[in-house]
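S.K.: got a structure for you, letters missing:
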């Protein structure tokens, strides 16, 4: 049995980058919801922050769904 170390390293690198990107997207979504709470406490509106948060969460869900599709297919 011969292990293709280049392919294994490539898979590791891509999975590391995708994981960091998903964590960053989810963190941006949480930050957007936090801004909404802060704006509501001050009596303002943060529609753009909420829209951005929902967009981040949607992108995370799409990436996870695509990953599951790749595993199943």
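M.R.: Right, received. Where do you want to start? Model, not experiment: these values are computed from the prediction.

S.K.: buried ones in the helix or strand containing residue 66?
M.R.: For residue 66, the element it lies in under DSSP states H and E is helix 47-72. Within helix 47-72, the residues scored as buried using 16 or more other CB atoms under 10 Å are 49-50, 52-53, 56-57, 59-60. In short, each C-beta sits where N, CA and C put it, glycine included.

S.K.: Could you do stretch 6-26 as well?
M.R.: 22, 25.

S.K.: ok so, going back, format the buried residues of helix 47-72 as CSV; extra columns: pLDDT and distance to residue 26.
M.R.: Shown next, in CSV, are these (pLDDT from 0 to 100; distance: CB to CB, whole Å):
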residue, pLDDT, distance to residue 26
49, 86, 15
50, 90, 15
52, 92, 13
53, 94, 10
56, 96, 7
57, 97, 7
59, 96, 9
60, 96, 5
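
S.K.: and residue 38, how many residues sit next to it?
M.R.: Residues near residue 38, counting by other CB atoms under 10 Å, number 12.

S.K.: Leaving out the residues flanking it, which one is nearest to it?
M.R.: Distance criterion CB to CB, 6 or more residues apart in numbering; nearest residue to residue 38, sequence neighbours excluded, is residue 46 at 7.6 Å.

S.K.: Please report the distance of the residue nearest the centre of the chain from residue 34.
M.R.: What sits nearest the mean C-alpha location of the chain, by CA atoms, centre = their mean, is residue 22, with 2.8 Å. According to CB to CB, to the nearest Å, residue 22 stands 19 Å off from residue 34.

S.K.: roughly how far is whichever helix or strand residue 20 is part of from the heart of the chain?
M.R.: For residue 20, the host element (DSSP H and E) is helix 5-42. Centroid displacement of helix 5-42 relative to its chain, using CA atoms, centre = their mean, to the nearest Å, is 4 Å.

S.K.: Then stretch 54-68?
M.R.: 7 Å.

S.K.: Identify the residues contacting it?
M.R.: 18, 21-22, 25-26, 28-29, 32 (CB atoms under 8 Å, 6 or more residues apart in numbering).
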